[in-house]
Every structure is written in C-alpha cells, then in structure tokens.
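Participant: prediction below, plus the sequence it came from.
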Amino acid sequence: MESLSRTLMLFGIILFLIGGGMYLAAKFGVPLGRLPGDIRIEGENGSFYFPLTTSVLVSVLLTIVLNLISSFLKK
C-alpha cells in the first residue's frame, strides 16, 4: 500500500509540473496547439482539428522526463 501511495504522489507531482509548464508556455506565447504540422480542416458544416506536431513534441518531452525520473529512482 505504501508503494502505491508513493506512485500516486509522484504522478501528482508530475501532472502539477506539466500543468505549470503549460501555464508558463501560454504566458510566454509558446504556440502549443498552433504549431506548423498541426492539421486543421474547416468547412461549411464543421471543422476538424488534430494537433499532430504538438502531440509528437509533448510525447518526446514526456519520454525524456520520465526516463530521467526512472533513472534517478533506480539509484
């Protein structure tokens, strides 16, 4: 039970840091969600939006951060 609580607290801290980073990125004008390569199709009856480049960028950053965290926890 103790390891589960530690894991949940770690995920909470990670989510808090990600949220803070997104907040600061918006404050400094980083165009997450509006990068080149994000797909936007607008028509008369509706629109479709898929943030492809933003998804790849966030995935790479999360992979790096989680690998760093796991390497520190193994020591």
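Facilitator: Looks like it arrived, so ask away.
Participant: from residue 7, how far off is residue 16?
Facilitator: Per Cβ to Cβ, to the nearest Å, residue 16 is found 15 Å from residue 7. Heads up, the C-betas are built off the backbone N, CA and C, glycines and all.
Participant: tell me the mean pLDDT for stretch 2-18?
Facilitator: Here stretch 2-18 scores 88 as its mean pLDDT.
Participant: use 57 as the first number from now on
Facilitator: Happy to do that; since the first residue is 57 now, the last one works out to stretch 58-74.
Participant: pull the CA atoms of it into CSV?
Facilitator: What follows is stretch 58-74, C-alpha atoms only, in CSV (Å, rounded to 0.1, in the frame of the first residue of the first chain):
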residue,chain,number,x,y,z
GLU,A,58,2.9,2.3,0.7
SER,A,59,4.4,1.9,-2.7
LEU,A,60,1.0,2.7,-4.3
SER,A,61,0.7,5.9,-2.4
ARG,A,62,4.3,7.0,-3.4
THR,A,63,3.5,6.2,-7.0
LEU,A,64,0.3,8.3,-6.9
MET,A,65,2.1,11.2,-5.2
LEU,A,66,4.8,11.0,-7.9
PHE,A,67,2.2,11.1,-10.7
GLY,A,68,0.5,14.0,-9.0
ILE,A,69,3.8,16.0,-8.8
ILE,A,70,4.5,15.2,-12.5
LEU,A,71,1.0,16.4,-13.5
PHE,A,72,1.5,19.5,-11.4
LEU,A,73,4.8,20.3,-13.2
ILE,A,74,3.3,19.6,-16.6
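Participant: which residues are in contact with that stretch?
Facilitator: Defining contact as Cβ atoms under 8 Å, 6 or more residues apart in numbering, one finds that stretch 58-74 is touched by 118, 121-122, 125.
Participant: likewise stretch 102-120?
Facilitator: 74, 88-89, 91-98.
Participant: element containing residue 79?
Facilitator: For residue 79, the element it lies in under DSSP states H and E is helix 58-83.
Participant: list the buried ones in that helix?
Facilitator: Buried residues in helix 58-83, counted by 16 or more other Cβ atoms under 10 Å: none are found.
Participant: next SSE downstream of that helix?
Facilitator: Going down the chain from helix 58-83, the next helix or strand is strand 95-98, by DSSP H and E.
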